[in-house]
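In: Provided below for reference: sequence and predicted model.
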4 protein chains.
Amino acid sequence: MPTSPHAPHPQACLIVHGPDQPGLVSAITAMITRNDANIITLDQYSQDEHESTFFQRVVFSGPDLGAALPEIEADVEKTLTPFGMQWRLTDQSVPKRMAILVSKSDHCLLELLWRHRRGELPVTIPMVISNHPDAAEDVRSFGIPFVHIPSQGPDKSGAERQILDLLKGNVDFVVLARYMQIISEDFLDEIDVPVINIHHSFLPAFIGAAPYRKARERGVKLIGATSHYVTKDLDEGPIIEQDVARVDHRMNAAALQARGAYVERAVLSRAVQWHAEDRIIRDGNQTIVFNDRP
Amino acid sequence: MPTSPHAPHPQACLIVHGPDQPGLVSAITAMITRNDANIITLDQYSQDEHESTFFQRVVFSGPDLGAALPEIEADVEKTLTPFGMQWRLTDQSVPKRMAILVSKSDHCLLELLWRHRRGELPVTIPMVISNHPDAAEDVRSFGIPFVHIPSQGPDKSGAERQILDLLKGNVDFVVLARYMQIISEDFLDEIDVPVINIHHSFLPAFIGAAPYRKARERGVKLIGATSHYVTKDLDEGPIIEQDVARVDHRMNAAALQARGAYVERAVLSRAVQWHAEDRIIRDGNQTIVFNDRP
Amino acid sequence: MPTSPHAPHPQACLIVHGPDQPGLVSAITAMITRNDANIITLDQYSQDEHESTFFQRVVFSGPDLGAALPEIEADVEKTLTPFGMQWRLTDQSVPKRMAILVSKSDHCLLELLWRHRRGELPVTIPMVISNHPDAAEDVRSFGIPFVHIPSQGPDKSGAERQILDLLKGNVDFVVLARYMQIISEDFLDEIDVPVINIHHSFLPAFIGAAPYRKARERGVKLIGATSHYVTKDLDEGPIIEQDVARVDHRMNAAALQARGAYVERAVLSRAVQWHAEDRIIRDGNQTIVFNDRP
Amino acid sequence: MPTSPHAPHPQACLIVHGPDQPGLVSAITAMITRNDANIITLDQYSQDEHESTFFQRVVFSGPDLGAALPEIEADVEKTLTPFGMQWRLTDQSVPKRMAILVSKSDHCLLELLWRHRRGELPVTIPMVISNHPDAAEDVRSFGIPFVHIPSQGPDKSGAERQILDLLKGNVDFVVLARYMQIISEDFLDEIDVPVINIHHSFLPAFIGAAPYRKARERGVKLIGATSHYVTKDLDEGPIIEQDVARVDHRMNAAALQARGAYVERAVLSRAVQWHAEDRIIRDGNQTIVFNDRP
């Protein structure tokens, strides 16, 4: 769901987090008001288990917001520096640029392309990259460039190099939509934008490869999928979203995998949407997600 | 879930709604700050389909909040009157007084009593009233008074009179936990506190009596329950919460009813909790629910 | 899930229903055994509310089942005639021929085409027919013929005539995948194969047009979709499958509709799959569904 | 749901499993027919991944079934011995005797007692045993004996001895309804009836103690519970049922635990019901569950 489908004015999103302290909300909202903007939605959360940390997402609009943003940005800085807060301000009329990396399975890829075409994902998709040629025709039928970079053989670092050359400076985040290659630490260092993965398991159960076979062997009654940010600790990055489907003794590993595909595409789509809409704040190895789920 | 289980300071809740206008959020948060209170949670929503209406719920805390509340109340009035807003301010350390009316089925009643004993419902329960004596022992085992007021015969208005005499001035809201008597308009007029009902159907399907039999006859694959505020339009009051359970051809009307009981008790419990925690704002025949559902 | 993904032998499905009586199961299973076939799955149900009715679905396999089927069919007849049962025997190696009728919304259509391409729907799709040209390219990219038959103007019966001429004798069932034209009684009479519809509402709530607008006005907290067989009583045919999604006050009718699309495509896909796999028996205005849901 | 709420005749349940082979279903159903019994429900499953194993559950009824059971049992033996099958025959009019072991948390305990009182669990409950005295009054208010056997101190084996002396010969299965003591291998050897546990986590994630704290630290978006048979491998026994609830960043470990309690009681109740109704067959470390879930 778009943040506000019938908003007449352009919108901006301000994300703030840092040490909680009196007067913070009041200072932020007053700042928005004095810049002639109107608050559309405001979500906040105070994590008070150890030291208290404050998280806020404000979406606001104004008639000439595009032109006024640099001035507002300066005011945000002036307002929040005394509080020692971290923040980022994004123009919601500028969609994020999202690259998709994929291998052979097309269920997550096609779901993202189709939701994008329906106008439900506020992103542009400059390219889809795959280590297999299979999806080329499907991707191009959506009017999106497809690049085949084979990763077999001893030249894996060569393939990563090629991918980096394509992505660097051209994308705001990367989605691994069932991309079955290990991402190296060097890649993560150099790409320097968020990378979102779909793990075909309910983490932390069945970490790593062949989770559906493991699930079958353990005789579980639910299978799941997890979308998370990729970090250097494989499968251990901050979780964004998870979901499950019910299974039973009649389903072999192939049947679990077939059913799991529907969970995977739904979970990844929600994670991508929330990231694209600036609804996620990373907090160590956890995420604060100000989602729109009723 | 309690609003904040480890809050060291007392808390208050301010509910505001009325015409949306610039500066409103800023004015409210500044008001809270200047009264030395700290915002714990803040939820807001702007309904902008027709004229734009603003809804907000703020929970805030302060070291001496109890003593300061009258002063804060005056400041709220001074702050919000120029905006023409409706509001209510409640001291969260004062639990609401909840009466339960029940007939023979005990599933909703016992669930409420048990959740209350676990400390999950911020209410007191001054009495349970029933037109049947069956639940007396169960209710009293929770340390709660039980009053039997039979409603059979031509003296229904007499029974209502007795119930009103018990309730008036003693309760902040009434819960019909499978109370199988029609509530008269006069009763609603006179009781003058919110009345919450559980309808054993997914409204607006199968309105009225015998919904499980009707559901069986129609061959539906899901049954549901609806909790709503009671108004003079029977079964048509503002919906608070709904849920469903899956059923199939093997289940006769009795089996549907048995399964439905689990949906009913869950739906009513959530509705009661959200009302008790001041999370619901009525807006015509609809509800704004600032719930804590992830 | 395919009935049995690694079955080495061809399979047949026998559907039986009629008056329950002793010895029926034994007679059917003995008949299968004496024809050198092996029972793969067996589901049965006795409806015993009024007079007792028996329903059974047996899938069995054998090394030369294709050649043996006529002989088996004769034995089924000989076995079941004394019991006065209705039955049908289908060769599971022959996929059903499914036509799809669609208007502008593509979510149900594309889901069916994609599941078919994945090998999850045991059907062939000889054609997609639409009263709008929009989906032509998408459909043909799946290698499936697309026919545009406009239905505007006073020539609606002409359009129905054209559709009937295309379908008659060429399809085993028809799916209305968000086809926004009323189907006439004459059409149903003449087509004489099952027609499956997706109603964008949780029937019997919000029957007819504009259910999302009505749901918004009523302030419901769940929206749903229903797949049913089409009969002459509009929206009143036997229900095959239903599901719901949670919604809240923030969602206007357009947002409800966007979310509802995901429920619709899932519900219709399951209904189509169960029909294609001979899992559904119609019983008056109800369905017995021997589905594979855990 | 009772197996058949309006069955006029007594019922028996036959569970069969062993090597799949032609003629097995036919032989079993013919055997039932020749004993003048009528098949009520029949579920079967063939596990064909390695060698093919056959599992079947048949419920049948007859006017004088109680008196005829010894004779039927002899016929079952004669029928199934040539096939080399394992089997058990149970008289459904004899409820299983279930003991409950519990510690301080009462949510699973009270749910079982209440479902039993509603007539939904076909068991008798000869006793509830606890290492804490807290639940005594609640349990006895249901008319069920409560025994307090403290387990603190160095005398744990003494407590186990006392429990064994109470249980041996008096119960058909044992339910650990949040019983926070390790069960020794000796106990399992000696008790020699099935023991069902509820693990407050979605196994195999967060095995062992403090799963809610671990779930909080890992930042998961769903928490779950698992009911399983207890074996000597702690937390590794065959899984019967699992379910999950959605959580988010706002919930600390205590809030996760409060929400998890509702999942635990539902999961354990279903597992107990299916065991009591002879719906579960153990197959190595997995379970075949012929449940009644639509």
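Out: Noted; the coordinates are in hand.
In: Just checking the distance from the longest helix that chain A contains to the centre of its chain.
Out: Longest helix of chain A, by residue count under DSSP state H: helix A:253-276. Mean-position distance between helix A:253-276 and its chain equals 14 Å (C-alpha atoms, centre = their mean, to the nearest Å).
In: That helix near chain D anywhere?
Out: No: Helix A:253-276 does not reach chain D (C-beta under 8 Å from any C-beta of the partner chain); its nearest approach is 8.7 Å. Using the backbone N, CA and C atoms, a C-beta is placed for each residue, glycine as well.
In: Quick one: list the elements packing against that helix.
Out: strand A:96-102, helix A:107-117, strand A:173-176, strand A:195-199, helix A:211-218, strand A:222-229, strand A:239-246 (3 or more C-beta pairs under 8 Å, 6 or more residues apart in numbering or on different chains; DSSP states H and E).
In: Could you check how far the residue in the stretch 101-250 of chain A that chain C sits nearest to is from chain B?
Out: Nearest residue of the stretch 101-250 of chain A to chain C: A:Asp248, at 3.4 Å (C-beta to the nearest C-beta). Remark: distance between A:Asp248 and chain B (C-beta to the nearest C-beta, to the nearest Å) = 15 Å.
In: okay, now the closest residue to that residue other than its chain neighbours: neighbour count?
Out: In space, and not counting its chain neighbours, A:Asp248 is closest to C:Pro294: 3.4 Å by C-beta to C-beta, 6 or more residues apart in numbering or on different chains. A count of nearby residues for C:Pro294, using other C-beta atoms under 10 Å in any protein chain shown, gives 17.
In: Just the element for C:Pro294, please.
Out: Here C:Pro294, judged by DSSP states H and E, is contained in no helix and no strand.
In: ok, it - contacts?
Out: Neighbouring residues of C:Pro294 by C-beta atoms under 8 Å, 6 or more residues apart in numbering or on different chains: A:Lys221, A:Arg246, A:Val247, A:Asp248, A:Arg250, A:Met251, D:Arg293.
In: Over to the fourth one. Which of the three states is it?
Out: A:Asp248 falls in the coil class when you classify it by DSSP: H, G, I helix; E, B strand; the rest coil.
In: who's in contact with it?
Out: Here A:Asp248 is in contact with A:Lys221, C:Pro294, D:Val289 (C-beta under 8 Å, 6+ apart).
In: pLDDT wise, what is the residue nearest to A:Asp248 at?
Out: C:Pro294 carries a pLDDT value of 87.
In: Direction included, what does whichever helix or strand comes after the longest helix of chain A pair up with?
Out: Per DSSP H and E, the first helix or strand lying C-terminal to helix A:253-276 is strand A:280-283. Here strand A:280-283 has these sheet partners by DSSP bridges: strand A:286-289 (antiparallel).
In: Mind checking the pLDDT average for the partner strand?
Out: Rounded mean pLDDT across strand A:286-289 is 96.
In: Show residues contacting it.
Out: A:17, A:45, A:47, A:55, A:229, A:238-241, A:274, A:279-282, D:219, D:221, D:248-249.
In: hmm, try it at 6 Å
Out: Identification of contacts with strand A:286-289 by C-beta atoms under 6 Å, 6 or more residues apart in numbering or on different chains yields A:Tyr45, A:Phe55, A:Pro238, A:Ile240, A:Trp274, A:Arg279, A:Ile280, A:Ile281, D:Gly219, D:His249.
In: Please work out how many residues are found near the second one.
Out: By other C-beta under 10 Å, the residues close to A:Phe55 number 19.
In: Verify the assumption that it is located in a strand.
Out: Yes: counting by three-state DSSP, A:Phe55 is found in a strand.
In: Please identify the pairing partners of the host helix or strand of A:Ile15 and their relative orientation?
Out: Per DSSP H and E, A:Ile15 falls inside strand A:11-19. Strand A:11-19 pairs in its sheet with strand A:53-61 (antiparallel), strand A:86-91 (antiparallel), by DSSP bridges.
In: helix or strand right after that strand?
Out: Next helix or strand after strand A:11-19 toward the C-terminus (DSSP H and E): helix A:24-34.
In: From the contact counts, what lies against that next one?
Out: Counting by 3 or more C-beta pairs under 6 Å, 6 or more residues apart in numbering or on different chains; DSSP states H and E, the packing neighbours recorded for helix A:24-34 are helix A:65-80, helix B:24-34.
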